[in-house]
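In: all I have is the shape, not the residue letters:
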């Protein structure tokens, strides 16, 4: 009998956890990802705001797994799945056959049917997105410095963030700190502190998944940083000159989109109905109904929690599902009965607004301010997968805390601030 | 009387030194650069070989100069100079008038008339070049891992470096260490240590500017790292499949070009005859003959040293010329007589081959091996312009020394390893 082949697509939190949970399995594991690194996505906004370097939050996947002899890492682009023949199709290289398949492809941004907005608004999902936003942010101040038309300066120094969830709140807070602290003394022709940062949320509250008291705190904290908050405001148009929201026209050189997630094309690959946000519906053991040995986990999977509501798109959910699925397969391989259905253990959630400002929920315990911020820093350092990253991030944070400086103020790979479609604008 | 305007084009070693030398001058200084950072070019090859991150060797120019109130930093692209009207022309923004002009635009790569080779060979002059090479290097191993045709694997794992000067030697040595140490245990289908690294030099020796004993040491040290060295070998063709050198056809997925420098277009801007490598000839006080108040320094300038031979293209030369010119102008502004002609003080030269292998010349003192390497590390740390970079580089080096790891093994911004001309190949 040959060794069973387990293919994992995606080396994010879910896929990596699944691979690790299979470390003692007598299996031939293939972990496929488009990139060569495992990315700590929760800190992506810090790369976008020049506080951290890409290498601080991304580590070569194969170096993380080099001691796990039963796993092979493949950098490749999955183009489809032939579920009948049990093969994963890959661009440019041979199909990869599987006995078990774990789909952990995550989510891209969701423009809710307005796909043309993608040409005018910047998303933050990949390292390239983050360095592009970094270039846009820093570039806006650079250009404003050498412009004389006050309307143009005003447009360049207006930054709009759409989406009041954790990513939008973190991004808006950090842009405000970048403008008001880091850059404050570095310009001669403009006052970076005069930058206008507008956060737009369609719903009635920021951080809607947090208790109302903490949502309110986030609003107050952002307000103290000089962020203009528009709640209950729906965006109706985005173009190169700015956007229209709640009937108001706002002129801005940069619109950042942090408003929604769309699961990657796994539902199409499997020809199953996609649920909310394109997610693949899975049963209580994370298997895709109709497929014996195909699992979906993390942001690509739609699963209900104990309360019947869909599980949130958090790293913790993906990691726990990955560990569960790895364990499920390992048990089946050694002939043990399957584990009980997956249950998400909520270990708490955190969101940071800025320096010494954060919110945290641990069961009934609700924290705000410096203590939540310290806790947030500690938890994120501990969650970073590799020791070197942990140390690098720690030192960058200490340095930033002491100096208000940011370690990676580089405009790179955005010549003339090129947009993704090749269209050039400032 | 209005305050005199001094425009400096280029924020590299020369331009930055000139600006600093003018810190006490009653002048309005404008420092223009295409990028927003001051780059420590001598360590660019370490970014290209994943040992350092871009932010470790690049710092926002305006943050370095924020305390110097008489300087304004402008990110912009110079398109020409109107010497008669004393104006620097800039893309997209208004011309910048000057009373004194310092041209410190550096050098690009020189293909010696074979400009089509630029489409097939990778150069290392900018941060973007370095991250592109990093992606090509790491990508070659990633692709080889999932290929089955032995010829294709061999092609992917062959790396050719053209040019046996310091950059070529450093690059070849580091590629060898990347393959033989860092990546050695991370792959399953290929043996990274089997990679072939070929260093081609047209002249009779490596590191031709060093004493023969040190050149020979460099050859021995590279040989110990498994680099194949071809001296006296001229490249006659480069294409997508590899290159032809000394009549021999070599198949390789990656050719890196470190063979020559061509001064940036300052000679054309001034409509003066360009010297060797496109350099602007300057007199003993670094002024461009025929222009009273226009200076050229660093790699863009052609100046003879005390021995009558052209000064080498070193950071030290650019820095000393920058300081000299800044001082020259400052003296003229306060009515002091001009300083004596510029004299380059050779404080020593260093080149590194790999871990514990380097060469150093200080006057009559010639060093090799560990002591030269330690000296090289120390000197480069001290030369790094800002404290944070110094600390980050130091920690990365210590970590790399202890673990053979490299801190920035990321393939980014080279989707499908796109070439500069948009042509996609592996």
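Out: Everything's here; your move. Just so you know, these numbers come straight off a predicted model, no measurement behind them.
In: where does the stretch 51-200 of chain A come near chain B, residue by residue?
Out: A:53-56, A:58-60, A:62-63, A:66, A:72-76, A:90, A:92-94, A:127-128, A:131, A:138-139, A:142-143, A:145-148, A:185-189 (CB under 8 Å from any CB of the partner chain). (Each C-beta comes from the backbone N, C-alpha and C, glycine too.)
In: take these and keep only those in strands.
Out: A:58-60, A:72-75, A:90 (DSSP state E).
In: one step back: just the buried ones from the residues of the stretch 51-200 of chain A next to chain B?
Out: Those of these that meet the buried threshold are A:53-56, A:58-60, A:62-63, A:66, A:72-76, A:90, A:93, A:127-128, A:131, A:138-139, A:142-143, A:145-147, A:186-188, by 16 or more other CB atoms under 10 Å in any protein chain shown.
In: can you flag which of these belong to helices?
Out: A:54-56, A:62-63, A:127-128, A:131, A:138-139, A:142-143, A:145 (DSSP state H).
In: farthest pair in those?
Out: Greatest spatial distance among these (CB to CB): A:62 and A:145, at 42.9 Å.
In: give me the mean pLDDT for stretch A:240-250.
Out: Averaged over stretch A:240-250, pLDDT sits at 95.
In: next, the buried residues of that stretch.
Out: Quick answer for stretch A:240-250 (16+ other CB under 10 Å): A:242-243, A:245, A:250.
In: helices of chain A, residue ranges please.
Out: With DSSP H as the criterion, chain A has helices spanning A:13-21, A:44-48, A:54-57, A:61-64, A:127-145, A:150-156, A:166-177, A:212-224, A:266-270, A:315-333, A:369-383, A:387-403.
In: so what's the nearest residue to residue A:93 once chain neighbours are set aside up against?
Out: Nearest residue to residue A:93, sequence neighbours excluded (CB to CB, 6 or more residues apart in numbering or on different chains): residue B:146, at 4.9 Å. Applying CB atoms under 8 Å, 6 or more residues apart in numbering or on different chains, we find residue B:146 in contact with A:74-76, A:90, A:93, B:189.
In: so what are the domain limits for chain A?
Out: Taking automatic domain parsing as the reference, chain A has its domains at A:5-34+A:76-109+A:261-333, A:115-259+A:348-417.
In: worst mean pLDDT among these?
Out: Lowest mean pLDDT within these: domain A:115-259+A:348-417, at a mean of 91.
In: hmm, who's touching stretch A:320-337?
Out: A:4, A:6, A:13-22, A:24-27, A:100, A:102, A:104, A:285-286, A:295, A:297-298, A:301, A:303, A:338-339, A:342, A:344-345.
In: mind giving me the PyMOL select for those, buried ones only?
Out: PyMOL command restricting the contacts of stretch A:320-337 to the buried ones, with burial defined by 16+ other CB under 10 Å:
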select buried, chain A and resi 4+6+13+14+15+16+17+18+19+20+21+22+25+27+100+102+104+286+295+297+298+301+303+342+344
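In: surely residue A:302 is in contact with residue A:283?
Out: No - taking contacts as CB atoms under 8 Å, residue A:302 lies outside contact range of residue A:283: 10.7 Å.
In: tell me which of the two has more neighbours.
Out: The neighbour comparison of residue A:302 against residue A:283 (other CB atoms under 10 Å in any protein chain shown) goes to residue A:302, with 19 against 14.
In: with adjacent residues omitted, what lies nearest to the more buried one?
Out: Closest residue in space to residue A:302, ignoring its immediate chain neighbours: residue A:279 at 3.4 Å, by CB to CB, 6+ apart.
In: from residue A:295, how far off is that neighbour?
Out: To residue A:295, residue A:279 is 14 Å away according to CB to CB, to the nearest Å.
In: wait, isn't residue A:171 in contact with residue A:49?
Out: Yes - with contact defined as CB under 8 Å, residue A:171 counts as touching residue A:49 (7.2 Å).
In: could I get the contacting residues of residue A:57?
Out: For residue A:57, the contact set (CB under 8 Å, 6+ apart) comprises A:39-40, A:43-44, A:46-47, A:384, A:389, A:393.
In: which of the residues you listed sits closest to residue B:224?
Out: Here the nearest of those to residue B:224, counting by CB to CB, is residue A:389; it sits at 32.2 Å.
In: how many residues are close by that closest one?
Out: Residues within reach of residue A:389, counting by other CB under 10 Å, total 21.
In: again with residue A:67
Out: Neighbour count of residue A:67, defined by other CB under 10 Å: 10.
In: before we move on, what about residue A:149?
Out: Count around residue A:149 with other CB under 10 Å applied: 9.
In: also residue A:299?
Out: Look at residue A:299: counted by other CB under 10 Å, it has 30 neighbours.
In: find the nearest non-adjacent residue to it, please.
Out: residue A:107 (3.8 Å).
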